[in-house]
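Asker: Sequence and predicted structure, then a few things I'm wondering about:
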Amino acid sequence: MLVIRGAGTVDPASLRLERIEGQDELVARLKRNYPDEGPPNVIRNSRFPLGLQSGWMLGGDFSEREADDVVIAADAATIGPSGAPTLRIEGTSLSLDSEPSSPVYPIVKHQASLSVRGSGDWHFLLRSGKKDIDHESVRLKGKDKWQRLSLYFSPEPTGGLYTLRIQGGGRLWIDALQAGPRSKAGDYRSGGECEVALALPKSDAAIARVQFDDESASLLYCATGRLNDTVLESRVVNAYGDEQPLSDIEPGGADFLRRGEIQYDAFTRRSYGTFRVEAWIERHGQKVSPVNEIVVHRLRRPRYWGKDAPDSPFGAHLNSRRLRNVTMKAVGVNWVRLHDSGITYIGWHYLEPEQGLWDFRDPEIQRYRRDKIKVFAQMGTVPPWARTQKGSHSAYHDRYSQPENLADWQTYVRKVTQHYKGVIDTYFVGNEPWMRSRWNVSYDEKKEGTAGYVASRQPQKDYAALMRASLEAARSVDDTIRVCGFSTSNWEGNDDGMMPGTEWTSGVLEHDGLKWCDLIDYHHYSPTVNGFPDDDVEKAWQRAIGPIAERHGSVPKPVWMSEGQGSMETHHRGLYKHTLPGEDGEDVVATTDRLVRHELALLALGVEKIFLYAPHGQGLGDKSRYAVLVASDGSLHPSAAAHSTLAWHLEDTTFVRRTEAAEAIFAYFFQGTERSIAVLSSSPSHDEYTIPHAESVSVMDLFANPLPPGSIFSGTLVYLSTEDGVHGGGAELPDTPNA
């Protein structure tokens with residue numbers, strides 16, 4: 001069986017099946033293919049005339065304390081040993097991972113090297129996956145002399161993926177990266193006669209590789225190397241797999257370096273969404289450079305770009321970094337929930353490590369607010385001196401012990417709410433207390449791991465008491481503060497370490513939990529496709545929130561889905577083709593559709609806010625089950641472009657009704673003061689359906705591209721909208737799309 005995955009066009013001409021007789025034959029084959037042991041440098045981008053290239057990843061999302069923003073940029077005034085502008089790195093504390101590379105001749109010892117200069121203490125680690133295999137530490141004295149650092153490794157038989165991690169603080173310039181067989185590790189050589197670097201020109205969200213639709217669809221390129229008689233070739237590919245060649249550019253001449261722009265607006269009908277631009281240099285029809293690529297997102301400017309959006313339903317989990325804040329704000333994320341990422345800024349464990357000694361993280365909180373992101377802060381974690389569970393078993397779970405004394409807890413709540421009065425106005429109490437490890441009082445030493453944590457005899461009663469203590473303490477400081485409680489879930493399993501959501505909700509409700517909160521929150525990670533009647537979103541709501549509705553006839557307070565997503569275990573490379581080696585079989589369009597269908601279904605239930613978990617879930621070489629909106633290098637995934645479309649359409653609207661347009665196809669109607677929206681969704685199996693068109697109604701796909709009359713519904717979300725709105729005197733959306 002031949003399986004071909006991906007998007008685009010392929011014309012198989014022949015198929016051959018060969019047998020490789022074990023390791024010896026594999027080695028013999030490599031020797032035949034690479035009689036000279038392969039190229040001296042397998043790194044695609046060994047110099048940085050335009051700054052970091054695709055695949056590099058700034059760390060810090062998992063650090064205990066976030067440092068001030070770092071500076072990473074090309075330095076045209078400092079020419080390195082490669083002859084090109086160097087990369088300047090500054091920061092008090094940072095971690096930066098290179099794009100991965102893979103040896104092509106892994107049967108000999110290899111060497112990785114780079115040139116450095118600057119000041120400060122720096123550590124260079126060669127990594128295979130998550131394992132450090134060699135390292136070098138240097139103290140740079142600020143002199144202008146370049147040093148050559150080398151790291152050594154024996155590759156895995158299959159080549160493997162290798163990255164260079166740079167850690168430290170100070171000011172650092174790097175240049176002339178090289179990795180290849182040690183026999184060829186003489187003077188620096190690049191991976192080809194030439195290289196081509198790509199970057200976005202300066203713009204509002206260029207740091208996120210986002211260009212808004214009122215900005216030019218252009219990229220910067222910088223060609224370096226022996227450029228005589230060369231042509232820069234390029235092409236653009238969209239998320240649907242459509243491909244277009246771009247105009248040839250002749251950077252030629254005797255110069256070592258040439259700069260210019262590439263216009264990539266080759267799609268007249270599908271001009272929005274995510275695009276991969278590939279570029280390489282040829283001489284007389286032969287490639288003389290590695291293929292480089294950049295993934296850029298063409299989006300509508302968010303309705304609340306540069307402004308606070310307190311009523312926006314769209315939030316996520318992210319650490320307070322300028323890069324991450326701008327990236328999320330650019331795709332319509334207006335709120336942050338401080339759990340895991342961000343918990344170090346607000347959790348009691350971190351703010352009062354010793355009783356009476358407070359350590360507030362004001363720069364991080366203020367950075368969110370400066371970037372116009374509203375904060376949903378956790379009243380949570382407990383320092384060792386205040387816990388009921390006194391042992392040391394898990395650095396993570398120990399922090400979620402019950403507080404020994406509610407009076408100490410209230411001191412923490414008053415101190416935090418007073419300190420951030422006027423800055424943070426919404427808090428939630430704890431996280432997932434329905435798990436014993438997240439709401440424990442002791443530890444059974446006869447057990448191991450999270451199985452050893454012991455809950456109290458009445459965990460729901462204790463949690464309701466914590467809600468009361470939190471609300472009363474916060475209100476004593478500021479009666480406008482809102483406190484969110486219940487922290488329930490849709491869990492329905494029988495694991496003895498986790499209480500089913502229905503049972504947890506019922507127990508908190510039984511102990512007057514509804515009285516001690518302004519908002520109700522729950523978590524929902526959906527493993528399946530949503531966006532139709534009786535989908536997983538509706539079932540999860542019933543398990544988590546149903547007991548409240550049954551008791552009161554309705555849900556009397558706003559509900560926030562404070563953690564979850566609908567595209568579990570599907571995010572990986574996104575649109576990358578060359579940056580992250582290997583195949584992952586990801587269906588990019590399906591991933592994007594699953595994510596926004598989940599959000600659509602939540603909003604249709606009346607959920608007031610959605611906090612996606614987690615844009616910090618990236619990891620090179622990994623397929624993180626929790627990653628959302630980002631590819632595995634931390635840059636935006638095409639699903640972020642789909643989220644941008646959903647947010648742009650549904651911001652400032654209210655769900656009105658759902659109607660069946662055709663067999664298993666549904667229209668979700670939303671109404672705003674100036675526009676009306678119908679979102680077409682479907683069950684997994686549905687009838688063929690022609691999408692309706694009407695005068696003054698725009699019809700758009702997942703990424704906000706217009707769909708022409710006669711388009712057939714493909715199974716992914718479609719938006720029908722009128723900016724004037726039904727009540728604003730404009731054109732009225734069809735009551736059902738067939739009307």
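Answerer: Cool, the structure landed. Numbering: from 1, shown residues only.

Asker: how about the helix or strand of the chain with the lowest mean pLDDT: buried residues?
Answerer: One helix or strand of the chain scores below all others by mean pLDDT, DSSP states H and E: helix 22-33, with a mean of 84. If you call a residue buried by 16 or more other Cβ atoms under 10 Å, then helix 22-33 has these buried ones: residue 30. (Glycine included, C-beta is placed from N, CA and C.)

Asker: quick one: that helix to chain centroid distance?
Answerer: 40 Å (Cα atoms, centre = their mean, to the nearest Å).

Asker: With stretch 521-537 instead?
Answerer: Centroid separation between stretch 521-537 and its chain, computed with Cα atoms, centre = their mean, is 20 Å.

Asker: First-to-last residue distance for it?
Answerer: Start to finish, the residues bounding stretch 521-537 are 14 Å apart (Cα to Cα, to the nearest Å).

Asker: buried set for it?
Answerer: 521-526, 529-532, 535-537.

Asker: and what of stretch 423-443?
Answerer: Per 16+ other Cβ under 10 Å, stretch 423-443 contains these buried residues: 424-443.

Asker: From the residues you listed, which land in strands?
Answerer: 426, 427, 428, 429, 442, 443 (DSSP state E).

Asker: Can you tell me the element residue 120 falls in?
Answerer: Per DSSP states H and E: residue 120 is located in strand 110-128.

Asker: residues making contact with the following helix or strand past that strand?
Answerer: Toward the C-terminus, strand 110-128 is succeeded by strand 131-141 as the next helix or strand (DSSP H and E). For strand 131-141, the surrounding residues in contact (Cβ atoms under 8 Å, 6 or more residues apart in numbering) are 116-127, 147, 149-153, 165, 170, 172.

Asker: switch the cut-off to 10 Å
Answerer: Identification of contacts with strand 131-141 by Cβ atoms under 10 Å, 6 or more residues apart in numbering yields 111-114, 116-128, 147, 149-155, 160, 162, 165, 167-168, 170-173.

Asker: next SSE after that strand?
Answerer: Immediately after strand 131-141, counting by DSSP H and E, sits strand 147-153.

Asker: what's that following strand packed up against?
Answerer: Judged by 3 or more Cβ pairs under 10 Å, 6 or more residues apart in numbering; DSSP states H and E, strand 147-153 is in contact with strand 110-128, strand 131-141, strand 162-181.

Asker: out of those strands, deepest packed?
Answerer: Most buried of these by mean neighbour count (mean count of other Cβ atoms under 10 Å) is strand 162-181; its value is a mean of 22.

Asker: got the angle between that strand and strand 110-128?
Answerer: 160 degrees (axes from the mean of the first three to the mean of the last three Cα atoms, to 10 degrees).

Asker: Next, the angle strand 147-153 makes with strand 162-181.
Answerer: Going by the same axes, to 10 degrees, strand 162-181 makes 90 degrees with strand 147-153.

Asker: Could you tell me the average pLDDT over the helix or strand following strand 162-181, please?
Answerer: Sequence-wise, the next helix or strand downstream of strand 162-181 (DSSP H and E) is strand 194-199. Strand 194-199 shows a mean pLDDT of 97.

Asker: residues in contact with residue 663?
Answerer: 682, 683, 685, 686, 687, 688, 689.

Asker: ugh, wrong one, I meant residue 648
Answerer: Going by Cβ under 10 Å, 6+ apart, the list of residues near residue 648 reads 299, 300, 301, 302, 303, 331, 332, 700, 704, 719, 721.

Asker: Across the sheet, point out what pairs with the last one.
Answerer: It stands for residue 721. Bridge pairing for residue 721 (DSSP bridges) gives the partners residue 677, residue 698.

Asker: Spit out the contact partners of residue 106.
Answerer: 26-27, 30, 38, 153-160, 181.

Asker: Please read the previous query as pertaining to residue 184.
Answerer: Counted by Cβ under 10 Å, 6+ apart, residue 184 has contacts 36, 37, 38, 39, 40, 41, 105, 108, 110, 111, 178.

Asker: Run a quick neighbour tally on the second one.
Answerer: With neighbours defined by other Cβ atoms under 10 Å, the count for residue 37 comes to 19.

Asker: Next: the first one.
Answerer: By the other Cβ under 10 Å criterion, the neighbourhood of residue 36 contains 10 residues.

Asker: tell me which element it is part of?
Answerer: Going by DSSP H and E, residue 36 is not in any helix or strand.

Asker: quick one: it and residue 180 touch, right?
Answerer: No - if you go by Cβ atoms under 10 Å, residue 36 and residue 180 don't touch, sitting 11.1 Å apart.

Asker: can you list residues touching both of those two?
Answerer: What both residue 36 and residue 180 touch, as defined by Cβ under 10 Å, 6+ apart, is the set residue 105.

Asker: Where does pLDDT dip in the stretch 501-650 of the chain?
Answerer: Scanning the stretch 501-650 of the chain for pLDDT under 70 picks out 581-584, 618-624.

Asker: which stretches of it form strands?
Answerer: 519-525, 559-565, 609-612 (DSSP state E, counting those that start in this stretch).

Asker: Nearest to residue 503 among those would be which one?
Answerer: strand 519-525 (13.3 Å; Cβ to Cβ).

Asker: what sits against residue 689?
Answerer: 661-665, 680, 682, 711-715, 718, 737-738.

Asker: And residue 483, by the same measure?
Answerer: 379, 413, 417, 426-429, 467-468, 470-475, 516-519.

Asker: Pull out the buried residues from the residues you listed.
Answerer: 379, 413, 417, 426-429, 467-468, 470-471, 473-474, 516-519.

Asker: Okay, and which of those map to helices?
Answerer: 413, 417, 467, 468, 470, 471, 473, 474 (DSSP state H).

Asker: Pick out whichever of these sits closest to residue 245.
Answerer: For those, the nearest to residue 245 is residue 417 (58.6 Å; Cβ to Cβ).

Asker: I figured that closest one hits residue 411, correct?
Answerer: No - between residue 417 and residue 411 there is no contact under Cβ under 10 Å: 11.2 Å.

Asker: if I pick residue 218, what's in contact with it?
Answerer: Here residue 218 is in contact with 200, 201, 203, 211, 260, 261, 262, 263, 264, 265, 296 (criterion: Cβ under 10 Å, 6+ apart).

Asker: and residue 166, what does it touch?
Answerer: Applying Cβ under 10 Å, 6+ apart, the residues near residue 166 are 56, 59, 87, 89, 94-98, 114, 116, 122-125, 172, 174.

Asker: what does residue 460 give?
Answerer: Residue 460 touches 433-434, 439, 486, 488, 499, 503-511, 513, counting by Cβ under 10 Å, 6+ apart.

Asker: hmm, which of the residues you listed are the buried ones?
Answerer: The neighbour-count test (16+ other Cβ under 10 Å) marks 433-434, 439, 486, 488, 499, 503-509, 511, 513 as buried among the contacts of residue 460.

Asker: Can you tell me which of those residues is nearest residue 352?
Answerer: The nearest one, if we look at those relative to residue 352 and count by Cβ to Cβ, is residue 439, at 19.8 Å.

Asker: And for that closest one, nearest residue in space, chain neighbours not counted?
Answerer: With Cβ to Cβ, 6 or more residues apart in numbering as the criterion, residue 439 has its nearest non-adjacent residue at 3.5 Å, and that residue is residue 433.
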